[in-house]
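> Test case, fold it:
(chains A and B)
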Amino acid sequence: MIPVGIEHRGDGVTILSPAGRLTIGPSLAALAEAVDEACRESAPRVVLDLAGVTYVDSAALGEIVAARRRILAAGGAFALARPRGKVRDLLELTRLGDLVAVRESLENAARVVLASS
Amino acid sequence: MAPPGVLLVEIPGDIAWLDLVQGIAEEVGRQAGLDDDQRLDLGLAVREGTINAIEHGHRDRPGEPVRLTFRVRADRVRVEIADRGPGFDPAAIPDPTDPENLLRPSGRGLLLIRSLVDAVDWRTGPGGTTLILEKLLGEGEAKESG
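Numbers count the residues shown, from 1 in each chain, chains lettered A, B, ... in the order given. You can find the predicted model right below:
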């Protein structure tokens, strides 16, 4: 399974950092597992850092929607950070930025989830 | 640049083969003269079309093979993705960017495909459904679908 970087910051924000392509199959399963793990905490504050993601497919965009639902159901907050190139294009095309905050820096994304909690 | 030609590929109906078909699509695009971005667009569109064939076309036929035909022409790359499913009505697919549909975890594949290639079409007959994708070579930016 392709690993997803998980960083638990001192301020309570969890940063998930997948790398490479994020598509249906092992890479997406790894992300879903990382989100589930974060949701075992009360009120998880989660930032999905997309800086290392080269491209996504429709299943990955669906997982972002599903992750948001699980995190909000756990009383938490969710934001996306640093989408690049094709990933940014597809987020804009699908208007997922209307659903989940998208920020150009990790710090700004972290502020969003801290302010939402 | 490769001369015009046709490549036929048949894969088992399993998402485990998606990386292969995407890779083939990108290589065909490279041979045809597409640049890096155009190749990725073609590869992703073929990936999405193949997912649709496996997950929707063959919903009741798990494992049924999907046949892909790559045609390199003088002015375009054309990819036909054939399944044995009953087809679909694109007009009946909810707009995934409509606010009331944003929360749906699925339904974005056709939107992605339309954004990634220059023309999209499909044919449904007694033997199944064929999704047809075209990526123009050169400066073509015109989008068609129907």
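
> CA only for contacts and neighbour counts going forward, please
OK.

> give me the low-pLDDT residue ranges for the chain?
No chain in the question, so chain A it is. A:1-2, A:117 (pLDDT under 70).

> Oops, wrong one, chain B.
For chain B, the ranges with pLDDT under 70 are B:139-146.

> Grab the nearest non-local neighbour of B:G23.
Counting by Cα to Cα, 6 or more residues apart in numbering or on different chains, B:G23 lies nearest to B:G43, which is 6.7 Å off, once chain neighbours are set aside.

> show me what contacts that neighbour?
Shown in contact with B:G43 (Cα atoms under 8 Å, 6 or more residues apart in numbering or on different chains): B:21-26.

> Can you tell me which of those is nearest chain A?
B:Q22 (11.5 Å; Cα to the nearest Cα).

> got the residues of chain A near chain B?
For chain A, the residues in contact with chain B (Cα under 8 Å from any Cα of the partner chain) are A:24-25, A:57-59, A:61-63, A:65-66, A:90, A:93-96, A:99.

> Does A:A29 lie in a helix or a strand, and which?
helix A:26-38 (DSSP states H and E).

> before we move on, what about B:I24?
Going by DSSP H and E, B:I24 is part of helix B:18-32.

> ditto for B:R123
Going by DSSP H and E, B:R123 is in strand B:119-125.

> For that strand, what is the distance to the chain centroid?
10 Å (Cα atoms, centre = their mean, to the nearest Å).

> Partner strands of it and their direction?
Taking DSSP bridges as the criterion, strand B:119-125 pairs within the sheet with strand B:128-136 (antiparallel), strand B:144-145 (parallel).

> Quick one: list the elements packing against the helix holding A:A29.
strand A:13-17, helix A:58-73 (3 or more Cα pairs under 8 Å, 6 or more residues apart in numbering or on different chains; DSSP states H and E).

> So the closest residue to A:G97 other than its chain neighbours: helix, strand or coil?
Nearest residue to A:G97 in three dimensions, chain neighbours excluded: A:L91, at 6.5 Å (Cα to Cα, 6+ apart). Secondary structure for A:L91, judged by DSSP: H, G, I helix; E, B strand; the rest coil, is helix.

> measure A:L91 to B:L112 for me?
10 Å (Cα to Cα, to the nearest Å).

> anything in contact with each of those two?
Joint contacts of A:L91 and B:L112 (Cα under 8 Å, 6+ apart) do not exist.

> quick one, what contacts the residue in chain B positioned nearest to chain A?
Here the residue of chain B nearest chain A is B:P105; by Cα to the nearest Cα that distance is 4.0 Å. By Cα under 8 Å, 6+ apart, the residues touching B:P105 are A:59, A:61-63, A:65-66.

> helix/strand/coil for it?
coil.

> Can you report phi and psi for it?
Its backbone dihedrals place B:P105 at phi -80, psi -10, with angles given as degrees, to the nearest 10.

> Equivalent analysis for the one 10 residues further on, please.
The main-chain torsion angles of B:S115 are listed as degrees, to the nearest 10 and equal phi -80, psi -20.

> what about the strands in chain B?
Per DSSP state E, chain B carries strands over the ranges B:5-13, B:63-72, B:76-83, B:119-125, B:128-136, B:144-145.

> so of these, which one's packed in deepest?
Scoring the strands of chain B by mean neighbour count under mean count of other Cα atoms under 10 Å in any protein chain shown gives strand B:76-83 as the most buried, with a mean of 24.

> quick one: that one to helix B:18-32, angle?
Between the axes of strand B:76-83 and helix B:18-32, defined by axes from the mean of the first three to the mean of the last three Cα atoms, to 10 degrees, the angle is 160 degrees.

> Which strands or helices does strand B:76-83 pack on?
Using 3+ Cα pairs under 8 Å, 6+ apart: strand B:76-83 touches helix B:36-52, strand B:63-72, strand B:128-136.

> B:D14: neighbouring residues, count only.
Neighbours of B:D14 under the rule other Cα atoms under 10 Å in any protein chain shown: 17.

> Could you do A:V4 as well?
19.

> pretty sure it is touching A:E33, no?
No - under the contact definition of Cα atoms under 8 Å, A:V4 does not touch A:E33, with a separation of 9.2 Å.
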